[in-house]
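How does the following fold in three dimensions:
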Amino acid sequence: QVQVRESGGGLVQAGGSLRLSCTASGLTFDDYTMGWFRQPPGKGREAVATITSDGAASYAATMRGRCTISKDNAKNILYLQMSSLKPEDTAMYYCAADPFRDARYPGDFGSWGQGTQVTVSS
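Predicted structure coming up:
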């Protein structure tokens, strides 16, 4: 059974940085496309960044240039390094995994974590 678990969220001031981590188990990590998604209060879930099994990264326009997705295949850990954070980045951030290489949208991913809260104060 695939399981993913996020950590690293918290309260940060606008302009600050934060690194989220996602630990995965029950899968061959480097065979999966991984993604970070977020859900702001009262809104739907949206993509932040994804990285394919062979390391190709893609970013949502809202976060492009302010975040970097990376993974450590040896440790089964996915990261999201975020910088220049804005109050509108406040959201629950989720990690997701799927064996489909071209998974991009929330509906494409079959395994989800419980989320980690990121709050950016102005």
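
Strands along the protein, start to end?
Here the chain has its strands, by DSSP state E, at 3-7, 10-13, 18-25, 33-39, 46-51, 57-59, 67-72, 77-82, 91-98, 111-112, 116-121.

Mind checking those strands for the one nearest to Tyr105?
strand 46-51 (6.4 Å; C-beta to C-beta). Heads up, the C-betas are built off the backbone N, CA and C, glycines and all.

Quick one: residues in contact with that closest one.
Strand 46-51 has contacts (C-beta atoms under 8 Å, 6 or more residues apart in numbering) with 33-40, 57-60, 62-63, 67-71, 78, 80, 93, 103-106.

quick one: contacts for the residue positioned nearest the centre of the chain?
Centroid-nearest residue in the chain, with C-alpha atoms, centre = their mean: Trp36, separated by 2.0 Å. By C-beta under 8 Å, 6+ apart, the residues touching Trp36 are 20, 22, 47-50, 69, 78, 80, 93-96.

Same check on Ser83?
Ser83 neighbours (C-beta under 8 Å, 6+ apart): 16-17, 66-67.

Sounds good, over and out.
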